[in-house]
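**Q** generate coordinates for the sequence data below:
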Amino acid sequence: MPEPIHGTEPIRWTHAFVDRPAKDLGPALDFWTSVTGTVPSAPRGGQDEFVTLLPDGADACLKAQGVEEGAGGAHLDLAVADVAALVASALRLGARTVADHGTADADGWAVLRSPGGLPFCAVPWQGEAVRPPVVEGPGGVTSRLDQVCVDVAPSRYEAEVAFWSGLTGWDAHPGSLPEFHVIGPPATLPVRVLVQRLGTERPTSAHLDLACSDVEAVRAHHESLGATPVGRGTRWTVMRDPAGGVYCLTGRDPHTGGLPVRTTAPGQDGPGTPGTPGAS
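**A** Predicted structure coming up:
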């Protein structure tokens, strides 16, 4: 794999986005606020399509967007002090600009696509610094939404790993399975990146992962809130939220993101369905 070319603009904060069809945004918000211990902000945007999920006593790192086309998925916002500098680094590393919303101005932002085609945003840092806490569920089980998994075809995998490693400048290392590469930020930042090499050629997409102290207990709690299980992998369970979006529960320490705490049942060590993540 080629050595990444590191960007020069430090990432100050990260936001993960739950992207769901606009008509299903209400059920999506009900579910995701429940499992993350947050409350929804007032909607904003021309179509009221954006909502921030607000934690108590910390800075938000999760937002939701109602999309008019497609099934949605997930994407990242990278918050920086100099948006134009981050955009320049991204373009140098092979991204392309989708929309420039005044990046020459202090409050400007931009929508881009990675070399593999995943949308992401470069946005101005608003001083966020306090990571939301781990969420405690029934029976003391804990979880934390802490990862965006980029699902990429084999032909684009190495380029995508090099891109996200280079743009963020974060620590990058192979995961516990050969199809995964972890791109981990400093502990003060709330969301990391996992790049997954799929088994087939298809468009790049992304989904959200939660680190769970007990995957089975968290799964049962999520099912009580309307989610449904889709499949299992080595250390994760694939779920579908009430709005139809796929996400994963992974057997990792919610405090550190590391392996292992408890995993899925013994013997469940086959590969996940295409587009589902493993733990690092």
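
**Q** report the central residue of the chain.
**A** Nearest residue to the geometric centre of the chain (Cα atoms, centre = their mean): residue 148, 2.1 Å.

**Q** which parts of the stretch 51-200 of the chain are strands?
**A** With strands called from DSSP state E, counting those that start in this stretch, the stretch 51-200 of the chain shows them at 62-67, 73-80, 96-101, 109-113, 119-124, 135-136, 142-152, 171-174, 180-184, 192-197.

**Q** show me what the first one is packed against.
**A** In other words, strand 62-67. strand 13-21, helix 25-36, strand 50-54 (3 or more Cβ pairs under 8 Å, 6 or more residues apart in numbering; DSSP states H and E). Every residue, glycine included, has its C-beta placed from N, CA and C.

**Q** change it to 10 Å
**A** strand 13-21, helix 25-36, strand 50-54, strand 73-80 (3 or more Cβ pairs under 10 Å, 6 or more residues apart in numbering; DSSP states H and E).

**Q** between those, which gets nearest to residue 62?
**A** Among the helices and strands packed on strand 62-67, strand 50-54 comes nearest to residue 62, with 4.4 Å by Cβ to Cβ.

**Q** name the residues that touch the closest one?
**A** 15-18, 25-26, 28-29, 32-33, 36-45, 60-66, 132, 145 (Cβ atoms under 10 Å, 6 or more residues apart in numbering).

**Q** pull that strand out as CSV, backbone CA atoms only.
**A** The C-alpha coordinates for strand 50-54 follow below in CSV (Å, rounded to 0.1, in the frame of the first residue of the first chain):
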residue,chain,number,x,y,z
PHE,A,50,-30.9,19.0,9.5
VAL,A,51,-31.2,18.1,13.2
THR,A,52,-28.4,17.9,15.8
LEU,A,53,-28.6,15.2,18.5
LEU,A,54,-27.7,17.1,21.7
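
**Q** how far does that strand sit from the chain's center?
**A** The chain centroid and the centroid of strand 50-54 are separated by 15 Å under Cα atoms, centre = their mean, to the nearest Å.

**Q** stretch 72-90 too?
**A** 14 Å.

**Q** check stretch 209-218 too.
**A** For stretch 209-218, the distance to the chain centre is 16 Å (Cα atoms, centre = their mean).

**Q** measure it end to end?
**A** Using Cα to Cα, to the nearest Å, one end of stretch 209-218 lies 12 Å from the other.

**Q** could you pull out the buried residues of it?
**A** For stretch 209-218, a neighbour-count test (16 or more other Cβ atoms under 10 Å) marks 209-218 as buried.

**Q** just the ones in helices from those, please.
**A** 215-218 (DSSP state H).

**Q** returning to what we had before: format the strands of the stretch 51-200 of the chain as JSON lines; extra columns: mean pLDDT and distance to residue 238.
**A** Compiled in JSON lines, the strands of the stretch 51-200 of the chain are given as follows (pLDDT from 0 to 100; distance: least, Cβ to Cβ, whole Å):
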{"stretch": "strand 62-67", "mean pLDDT": "97", "distance to residue 238": "20"}
{"stretch": "strand 73-80", "mean pLDDT": "98", "distance to residue 238": "14"}
{"stretch": "strand 96-101", "mean pLDDT": "97", "distance to residue 238": "29"}
{"stretch": "strand 109-113", "mean pLDDT": "98", "distance to residue 238": "25"}
{"stretch": "strand 119-124", "mean pLDDT": "98", "distance to residue 238": "22"}
{"stretch": "strand 135-136", "mean pLDDT": "98", "distance to residue 238": "20"}
{"stretch": "strand 142-152", "mean pLDDT": "98", "distance to residue 238": "11"}
{"stretch": "strand 171-174", "mean pLDDT": "96", "distance to residue 238": "22"}
{"stretch": "strand 180-184", "mean pLDDT": "97", "distance to residue 238": "15"}
{"stretch": "strand 192-197", "mean pLDDT": "98", "distance to residue 238": "12"}
